[in-house]
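[1] how does the following fold in three dimensions:
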Amino acid sequence: GVVYSDLGKSDESVEFLKRAINLKQNFAVAFHDLGCVYIRQQKFKEAVAPLERAAELEPDNAENYVLSGFALSQLRKYSEAIRQIEKAVTLTPQDAEAQFFLGQLYLLNRDKQSAFVQYQKIAGFDLPMANKLYAVIYSNLLVTVNKK
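    Modelled structure (predicted):
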């Protein structure tokens, strides 16, 4: 399935990954890879279940939570996406990109206070990424003020 995915043959990749999952119900890597293929196909709804299953099977793999959160965010399910990314940053607190993404999700969920708390957390270990989030927060505040 992965080889087909690398060759750009997504449909074949999905078929073989599903076969692998049917043969081995606890094959976390196959669930992960299936979710990734669906994300590449922009089939975000289909991506969520296999990525969440991969996270159940490998609860210490932050990437599964990040990808699941990404798929949920594309479906505008921000509260659910936040829960997934929070799990990821608990596992990898120094992952500035995941922390930044969490800050963005808070903004999308209309929670500016939590976004600012994220900014403060990131500032403790990655100032350039923190400044990037601050710029997003600030531009979001300007949009809010200008709408009034």
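
[2] other SSEs contacting the longest helix seen in the chain?
    Longest helix in the chain by number of residues, with DSSP state H as the criterion: helix 127-147. When contacts are defined as 3 or more CB pairs under 8 Å, 6 or more residues apart in numbering; DSSP states H and E, helix 127-147 packs onto helix 96-108, helix 112-123. Bear in mind the C-beta positions are built from the backbone N, C-alpha and C, glycine included.

[3] tell me the buried residues in it?
    Residues 129, 130, 132, 133, 134, 136, 137, 140 are the ones in helix 127-147 that count as buried (16 or more other CB atoms under 10 Å).

[4] how about TSV for those residues, with distance to residue 122 and pLDDT added?
    Below are the buried residues of helix 127-147 laid out as TSV (distance: CB to CB, whole Å; pLDDT from 0 to 100):
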residue	distance to residue 122	pLDDT
129	5	96
130	4	96
132	9	96
133	6	96
134	9	95
136	12	93
137	11	93
140	16	80
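
[5] any idea which of the residues you listed is closest to residue 94?
    residue 129 (10.7 Å; CB to CB).

[6] for that closest one, which non-adjacent residue is closest in space?
    residue 96 (4.0 Å; CB to CB, 6 or more residues apart in numbering).
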